[in-house]
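J.: Here is a sequence together with a model predicted from it:
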Amino acid sequence: MAAAASGSAGQPEPETEDDVKRKFREALERKNAQAEKRAEDSAKDSSKVHGRHGPAGGRRTFRRKSG
């Protein structure tokens with residue numbers, strides 16, 4: 001019973017401002033590391049066709065439906 005009186009068993013103790021800033025900084029570092037990894041993965045050209053594209057040239061023609 002004496003242990004329950006000295007501290008709240010169900011509630012965590014309040015965090016200091018430094019702890020909160022540290023946690024946010026660590027989360028931001030993890031987020032940036034993941035973004036860098038995704039950028040590196042997308043930089044690799046994994047498609048089978050390289051340098052090809054659809055028809056390129058001329059103006060597009062529109063024809064009226066005859067019917």
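T.: Structure received.
J.: residues contacting residue 33?
T.: Going by C-beta atoms under 8 Å, 6 or more residues apart in numbering, residue 33 touches no other residue. Glycine gets a C-beta too; all of them are placed from N, C-alpha and C.
J.: what about it, distance to residue 14?
T.: 29 Å (C-beta to C-beta, to the nearest Å).
J.: Got the phi and psi for residue 63?
T.: phi -120, psi 140 (degrees, to the nearest 10).
J.: Could you check how many residues crowd around it?
T.: Neighbour count of residue 63, defined by other C-beta atoms under 10 Å: 5.
J.: repeat for residue 31
T.: For residue 31, using other C-beta under 10 Å, the count is 10.
J.: Tell me which helix or strand it sits in.
T.: helix 17-43 (DSSP states H and E).
J.: List the buried residues of that helix.
T.: The neighbour-count check on helix 17-43 (16 or more other C-beta atoms under 10 Å) flags nothing as buried.
J.: Just the mean pLDDT for that helix, thanks.
T.: Regarding helix 17-43, the rounded mean pLDDT is 88.
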